[in-house]
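[1] Need a 3D model of the sequence below.
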Amino acid sequence: MKSKINKFFAWLVVFLLVIGLAGFGLQDVISRWGTSRVASVGGTTISTEDFRRGFIQELNYVSKILGKQITIEESKSMGLHLRALERLLNKSLLDQILNDMHLSTGDTVLIKKLKRDQNFQNPSGKFSRQNYKLYLDRVNLSENDFENILRKDMTRDFILQIIGGKFPANTNISKLIVDHAGEERMVSIYKANDALVHVERNSNHKDQEEFFNLNKEVYRSANIKKVSFLRLDPIKMAEQIEIPDGELMEAFKLRKEDYLKPARKTLNRIVFSNKKNAEFVFRQIANGNQTFDEIANTRGLSPEEVIYGTFSKNQLPKTASDLIFSNDFQLGDVVGPILGELGYEIFEITDVLPSEELNFTEIRHLLHTELAQIKARDTLSATAPEIEDMIAAGESLETISKQFSIQIETFVWSAGTKAPEPFTSKEFGRLVNTVTTETSDLIELESGILVTMRLDEEIPPQIPKLEDILDQVSTDLYKTKRIEALTEKVTFVLTNNDPAAPLETKYFDLLLEEKLTRQSSLEYMEPDTLKEIFQAKTGDLIVKPVSKGSIPYMLLIKIEKIIPASQNAGQYSKFKIAVQDQMTEEVNNDLIFSMINSLKETYKPTVNVKMLDKIISNLQ
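    Sure thing, here's the model as predicted:
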């Protein structure tokens with residue numbers, strides 16, 4: 001049902017909480033900072049270790065979602081380093097305002113939190129200082145540092161819970177949206193008989209000339225630009241680079257651990273809000289009274305909602321991984337209950353995948369591609385400044401092409417033209433629209449390709465001579481005459497027929513009866529026809545000429561019945577709940593977004609960009 005709701009309301013814009021970095025005022029302040037800081041928010045600083053830890057967590061999280069360990073280079077291309085920085089900045093903004101307001105979590109609440117944490121409990125469920133110290137040793141934190149971090153997290157979460165208190169959106173608005181979007185129309189679609197009118201295809205030159213003169217602007221050509229360009233494509237360059245097997249083997253040995261796949265288990269999961277219910281359900285399964293699938297069905301969960309994913313041991317929280325990957329549980333077993341982020345969790349092991357090790361032969365092609373692309377990018381980095389210097393000195397594309405053995409490409413561009421591979425029409429069109437007769441600066445596209453371009457010739461829009469497009473004008477004239485004749489004849493027939501049944505005549509053929517929604521796709525009609533259908537009343541008749549194809553025709557659409565969204569009560573209720581939830585989420589996200597923006601204006605965060613890049617480079 002979720003997928004149906006998402007598809008049904010694809011047009012509904014729902015704001016997600018994505019707090020960008022554009023307003024953070026990123027500044028390179030390395031000259032004023034020591035090497036231990038990455039960013040500063042008011043009096044709060046973000047250390048290099050904070051960022052390193054946050055970045056690794058973000059990388060592991062996304063790897064878990066994708067089901068494979070992504071590399072540092074891949075994570076950079078996905079912007080994970082910026083996402084990690086964003087999270088740290090947002091936390092620091094909240095910490096700073098809490099410090100200024102002198103708000104903090106009390107010792108009593110903090111102690112209760114520590115005692116409830118299963119990581120610090122002994123087998124009997126009591127707090128164990130020994131387990132606590134072992135945990136702190138493992139994360140390399142002192143008691144004071146860890147408790148300060150936990151205190152800040154709890155205070156921050158408390159404030160966010162107050163702000164994100166699920167302020168409900170107006171229910172009348174969500175009802176109107178569902179009523180509008182869910183309404184359907186039952187229509188009958190007729191076609192005027194082809195024999196209703198007869199129009200000669202051949203027309204005399206005088207009529208063609210008159211038609212052409214009345215519609216000259218229709219035949220005006222688009223603006224045409226002939227351009228030449230040099231393309232520095234790292235992917236293309238990499239295809240020409242050969243990497244010796246010795247170098248590939250050396251890289252393979254250095255990164256051999258990357259090609260080891262640990263043992264993995266595929267899991268289903270059901271989450272419970274309290275421990276008592278989770279333990280009861282677990283006993284029901286353990287005693288054979290119910291199966292895992294039966295429990296899921298009872299709770300109204302679809303198979304997609306139960307599937308958790310495939311994980312190695314280090315991709316799961318420790319409390320869960322220790323149990324799931326112990327020798328006590330194998331394929332088909334149910335594990336739990338375990339306290340997780342969402343509540344008390346019960347897992348079913350549906351598949352067990354043994355560890356794998358990829359050998360050199362299996363990984364050779366991938367390694368070759370990766371190393372070749374690295375060398376291609378290095379070559380580009382060395383070549384680009386020289387080309388830029390030559391452009392600045394006024395050298396032509398031909399001179400640059402000859403010196404660096406880069407082929408000059410040419411292209412004739414106009415609106416609607418498909419761009420040459422691998423460019424998109426949007427980015428290529430943007431380049432052409434700004435090009436001049438001078439060789440342009442090197443421009444880097446999102447794909448990493450560098451381009452320099454020159455305008456060779458521009459042909460302004462012009463109206464062609466009638467003789468050059470005579471066949472097209474003749475065809476257009478025939479279509480226009482036929483549509484005019486059909487319109488006149490259909491109007492006459494409808495006016496003189498029985499008003500109660502205007503379509504019950506030999507002149508109109510019933511094509512189909514169809515139930516339409518606002519999302520229906522009508523390939524045989526113009527885009528605005530669906531809009532007209534949903535603006536019409538029961539019994540209304542819509543007459544639409546269709547010029548597609550070689551012979552124009554006339555469609556007549558009768559609105560037989562208007563079906564309100566509420567007629568399907570079960571689906572209507574689910575849609576209303578889904579829209580109301582989405583709108584409520586939007587309202588609450590807007591509140592948090594506004595607060596973060598206000599804090600950014602107040603504390604004006606600054607970021608040491610060079611230090612950020614240095615940390616990422618050291619991690620590779």
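[2] Confirm that residue 464 sits in a strand.
    No: if the criterion is DSSP: H, G, I helix; E, B strand; the rest coil, then residue 464 is coil and not within a strand.
[3] who are the neighbours in contact with the nearest residue to it once chain neighbours are set aside?
    Using C-beta to C-beta, 6 or more residues apart in numbering and skipping residues adjacent in sequence, the residue nearest residue 464 is residue 219, 6.1 Å away. Backbone N, C-alpha and C define where each C-beta goes, glycine included. Contact analysis of residue 219 by C-beta atoms under 8 Å, 6 or more residues apart in numbering lists 212, 463, 464, 469, 472, 473.
[4] Quick check: the gap between the fourth one and residue 205.
    Look at residue 469 and residue 205: by C-beta to C-beta, to the nearest Å, they are 14 Å apart.
[5] same thing with the third one?
    Here the distance between residue 464 and residue 205 works out to 16 Å (C-beta to C-beta).
[6] try the fifth one
    Here the criterion is C-beta to C-beta. By it, residue 472 lies 15 Å from residue 205.
[7] which stretches of the stretch 451-600 of the chain form helices?
    Remark: helices assigned in the stretch 451-600 of the chain by DSSP state H, counting those that start in this stretch are 470-496, 528-535, 569-603.
[8] Just put these in CSV and tack on mean neighbour count.
    Listed next are those as CSV, based on neighbours: other C-beta atoms under 10 Å:
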stretch, mean neighbour count
helix 470-496, 16
helix 528-535, 14
helix 569-603, 16
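[9] what sits up against stretch 554-564?
    Stretch 554-564 is touched from outside by 179, 182-192, 483, 486-487, 490, 503, 508, 511, 513, 515, 524-525, 529, 533, 536-546, with contacts defined as C-beta under 8 Å, 6+ apart.
[10] can you pull out the strands in the stretch 101-250 of the chain?
    Remark: strands assigned in the stretch 101-250 of the chain by DSSP state E, counting those that start in this stretch are 184-192, 224-232.
[11] could those strands go into JSON lines alongside distance to residue 173?
    Shown next, in JSON lines, are the strands of the stretch 101-250 of the chain (distance: least, C-beta to C-beta, whole Å):
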{"stretch": "strand 184-192", "distance to residue 173": "21"}
{"stretch": "strand 224-232", "distance to residue 173": "48"}
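[12] Indicate which one of the ones you listed is closest to residue 71.
    Among those, strand 224-232 comes nearest to residue 71, with 24.2 Å by C-beta to C-beta.
[13] for that closest one, which positions count as buried?
    Residues of strand 224-232 classed as buried by neighbour count (16 or more other C-beta atoms under 10 Å): 224, 225, 227, 228, 229, 230, 231, 232.
[14] Just give me the neighbour total for residue 392.
    By other C-beta atoms under 10 Å, 10 other residues sit near residue 392.
[15] what about it, distance to residue 354?
    Residue 392 is 59 Å from residue 354, where distance means C-beta to C-beta.
[16] do residue 237 as well
    From residue 237 to residue 354 the distance is 40 Å (C-beta to C-beta).
[17] Looking at those two, which is more packed in?
    More neighbours surround residue 237 than the other of residue 237 and residue 354, with 18 against 8 (other C-beta under 10 Å).
[18] My guess is the more buried one contacts residue 380. True?
    Yes: judged on C-beta atoms under 8 Å, residue 237 makes contact with residue 380 at a distance of 7.2 Å.
[19] how about residue 534, what does it touch?
    Here residue 534 is in contact with 183, 185, 518 (criterion: C-beta under 8 Å, 6+ apart).
[20] which one among the residues you listed gets closest to residue 156?
    For these, the minimum distance to residue 156 (C-beta to C-beta) is 43.0 Å, reached by residue 518.
[21] Quick check, the closest one in contact with residue 530.
    Yes: Residue 518 is within contact range of residue 530, at 7.1 Å (criterion: C-beta under 8 Å).
[22] quick one on the thing from earlier: okay, the strands of the stretch 101-250 of the chain in JSON lines with distance to residue 250 and mean pLDDT next?
    Listed next are these as JSON lines, based on distance: least, C-beta to C-beta, whole Å; pLDDT from 0 to 100:
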{"stretch": "strand 184-192", "distance to residue 250": "66", "mean pLDDT": "92"}
{"stretch": "strand 224-232", "distance to residue 250": "28", "mean pLDDT": "92"}
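[23] Nearest to residue 170 among these would be which one?
    Relative to residue 170, the nearest member of these by C-beta to C-beta is strand 184-192, separated by 25.0 Å.
[24] That closest one - contacts with which helices or strands?
    Under the contact criterion of 3 or more C-beta pairs under 8 Å, 6 or more residues apart in numbering; DSSP states H and E, strand 184-192 touches helix 470-496, strand 508-516, helix 528-535, strand 553-563.
[25] Please enumerate residues in contact with that strand?
    Counting by C-beta under 8 Å, 6+ apart, residues outside strand 184-192 touching it are 486, 489-490, 503, 507-517, 533-534, 536, 553-563, 565.
[26] got the angle for it vs strand 508-516?
    On the basis of axes from the mean of the first three to the mean of the last three C-alpha atoms, to 10 degrees, strand 184-192 is oriented at 160 degrees to strand 508-516.
[27] Partner strands of strand 184-192 and their direction?
    strand 508-516 (antiparallel), strand 553-563 (antiparallel) (DSSP bridges).
[28] Now do it against helix 528-535, angle only.
    Here strand 184-192 runs at an angle of 130 degrees relative to helix 528-535 (the same axes, to 10 degrees).
[29] how about strand 184-192: buried residues?
    Counting neighbours by 16+ other C-beta under 10 Å, one finds that the buried residues in strand 184-192 are 184, 185, 187, 188, 189, 190, 191, 192.
[30] Just the angle for that strand relative to helix 470-496, thanks.
    Here strand 184-192 points in a direction 110 degrees away from that of helix 470-496 (the same axes, to 10 degrees).
[31] how does the chain divide into domains?
    The chain breaks down by automatic domain parsing into domains covering 2-167+582-619, 184-216+468-563, 224-245+361-459, 263-354.
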